[in-house]
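Participant: sequence-free structure coming up:
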Ligand code: A3P
């Protein structure tokens, strides 16, 4: 069962972007939107019920809505930050591109480049990279952290019938929070912010209030889940924890969804396990480019690879803190039919 819910504290925010696409003149209304500066590394603005980095609202969102030309063959990796995006990018790229780049190829792009360089975020410097994205050969794999409701209709299929395929990865909120907190403390300085004194208590309070990049996290997840229920042929909903348990089954599912299921011959030749192995945390972390490289913002590639397990929150949060977040999430999801703990 899906519930149609709405929250927001002014008319600007209350206008559902699902009903009316984001303003083309959003830059002019940004100063009037609620501002959050306590969540490093970016100032956030509350827009259409989500806390979005101001920089994305200013430049990327209008550009994406007015200039991005999706192709029916495009595959989007979508996620709330720190939910397994890097892994899913690698798996989707390796799976979709396996005829040109077999996973055992010693010169495979994923052995030379970080997954974030093989699969670009649409919502990171869109205006600077739009020509490059346009020049990519089909089928393209692209990525986004944007909430579903902020994607242009040309991607979601609301305006054009075909739409693109979207693969979403969801992660248990406490683990997503801890991963984000540790990443922020490590990487913020490259982005011009000092997060060394940012405590897990502060991060938790902000997270519970939805005040984090693209938060509230559960609303982000819920929108994609609802869409995956409504249009399972266009939106595939995956859970990080389940991927960890059986990555091969998920790669098969992913391939089928992307329209490139594995042949018997490929199965016999172990292509699925070769993809899983290529994209495994251990392999990725050991690659020279991920040990010593950085992205164009100066964030070290190694910061994207940490423990990669389920339940690490218990090493950083007290049971009381965990209970607090669990309760916030439980209350928010009531009546939606979605749960982080069970397969809804
Ligand atoms: P932890 O910080 O809990 O270890 P994102 O890619 O969305 O930024 O998510 C980061 C999380 O995914 C980190 O979790 C990171 O360790 C984990 N991760 C990165 N690459 C992975 C891989 N190949 N397999 C499994 N988990 C991976």
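Facilitator: In hand now; what should we look at? The structure displayed is predicted, hence computed values, not measured ones.
Participant: let me know the pLDDT of residue 144.
Facilitator: Residue 144 carries a pLDDT value of 98.
Participant: get me the contact residues on this structure for the ligand.
Facilitator: 79, 81-87, 175, 179, 182, 279-281, 284, 304-308, 312 (Cβ under 6 Å from any ligand atom). The way it works is simple: take the backbone N, C-alpha and C, and place the C-beta from them, glycine included.
Participant: which ChimeraX command selects the buried ones in these?
Facilitator: If you want just the buried ones from the residues of the chain next to the ligand in ChimeraX, going by 16 or more other Cβ atoms under 10 Å, the selection is:
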select :79,81,82,83,84,85,86,87,175,179,182,279,280,281,284,304,305,306,308,312
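Participant: narrow the residues of the chain next to the ligand to those in helices?
Facilitator: By the criterion of DSSP state H, membership of those in helices covers 85-87, 175, 179, 182, 281, 284.
Participant: any low-confidence regions in the stretch 1-150 of the chain?
Facilitator: Low-confidence segments of the stretch 1-150 of the chain, defined by pLDDT under 70: 1-24.
Participant: what do you get if the cut-off is 90, keeping everything else the same?
Facilitator: For the stretch 1-150 of the chain, the stretches with pLDDT under 90 are 1-28, 59.
Participant: so what's the residue count around residue 191?
Facilitator: 14 (other Cβ atoms under 10 Å).
Participant: which ones are touching the closest residue in space to it that isn't next to it in sequence?
Facilitator: Closest residue to residue 191 apart from its sequence neighbours, by Cβ to Cβ, 6 or more residues apart in numbering: residue 41 at 4.0 Å. If you count contacts by Cβ atoms under 8 Å, 6 or more residues apart in numbering, residue 41 has them with 184, 187-188, 191-193, 195.
Participant: start to end distance for stretch 239-251?
Facilitator: With Cα to Cα, to the nearest Å as the measure, the ends of stretch 239-251 fall 13 Å from one another.
Participant: re earlier: restricted to helices, list the contacts of residue 41.
Facilitator: Using DSSP H, the contacts of residue 41 in helices are 184, 187.
Participant: so what pairs up with the nearest residue to residue 42 once chain neighbours are set aside in the strands?
Facilitator: Using Cβ to Cβ, 6+ apart and skipping the chain neighbours, the partner closest in space to residue 42 is residue 53 (4.0 Å). Under DSSP bridges, the beta-bridge partners of residue 53 are residue 44.
Participant: any idea how far residue 145 is from residue 53?
Facilitator: Distance, residue 53 to residue 145, using Cβ to Cβ, to the nearest Å: 9 Å.
Participant: so between these two, which is more surrounded?
Facilitator: Using other Cβ under 10 Å as the criterion, residue 53 and residue 145 rank with residue 145 on top: 23 against 19.
Participant: residue 96 against residue 257, yeah?
Facilitator: No. Assessed by Cβ atoms under 8 Å, residue 96 is found out of contact with residue 257, at 10.5 Å.
Participant: what's the closest of the contacts of residue 41 to the ligand?
Facilitator: Of all those, the ligand sits closest to residue 187, with 10.0 Å by Cβ to the nearest ligand atom.
Participant: just say helix, strand or coil for residue 212.
Facilitator: Here residue 212 is recorded as coil under DSSP: H, G, I helix; E, B strand; the rest coil.
Participant: where exactly do the strands run in the chain?
Facilitator: 35-36, 44-47, 50-53, 75-79, 141-144, 165-170, 235-239 (DSSP state E).
Participant: residue 327 is nearest to which of the ones you listed?
Facilitator: strand 165-170 (19.3 Å; Cβ to Cβ).
Participant: looking at the stretch 101-250 of the chain, what residue ends up closest to the ligand?
Facilitator: residue 179 (3.3 Å).
Participant: so which of the contacts of residue 41 comes closest to residue 127?
Facilitator: residue 191 (18.5 Å).
Participant: now restrict the contacts of residue 41 to buried residues only.
Facilitator: 184, 187-188, 193, 195.
Participant: turn the residues you listed into JSON lines, including distance to residue 297 and pLDDT.
Facilitator: As requested, those are exported to JSON lines (distance: Cβ to Cβ, whole Å; pLDDT from 0 to 100):
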{"residue": "184", "distance to residue 297": "14", "pLDDT": "93"}
{"residue": "187", "distance to residue 297": "9", "pLDDT": "87"}
{"residue": "188", "distance to residue 297": "11", "pLDDT": "83"}
{"residue": "193", "distance to residue 297": "12", "pLDDT": "79"}
{"residue": "195", "distance to residue 297": "15", "pLDDT": "79"}
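Participant: in a markdown table, list those residues along with distance to residue 167.
Facilitator: Formatted as a markdown table, these follow (distance: Cβ to Cβ, whole Å):
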| residue | distance to residue 167 |
| --- | --- |
| 184 | 25 |
| 187 | 25 |
| 188 | 28 |
| 193 | 30 |
| 195 | 30 |
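Participant: hmm, which two among the residues you listed are most spread apart?
Facilitator: Going by Cβ to Cβ, the pair spanning the buried ones among the contacts of residue 41 furthest: 187 and 193, at 9.3 Å.
Participant: residues touching residue 88, list them.
Facilitator: 77, 79, 167, 169, 238, 243.
Participant: mind redoing it with 7 Å?
Facilitator: Shown in contact with residue 88 (Cβ atoms under 7 Å, 6 or more residues apart in numbering): 77, 79, 167, 169.
Participant: again, but for residue 34
Facilitator: Counting by Cβ under 7 Å, 6+ apart, residue 34 touches 45-46.
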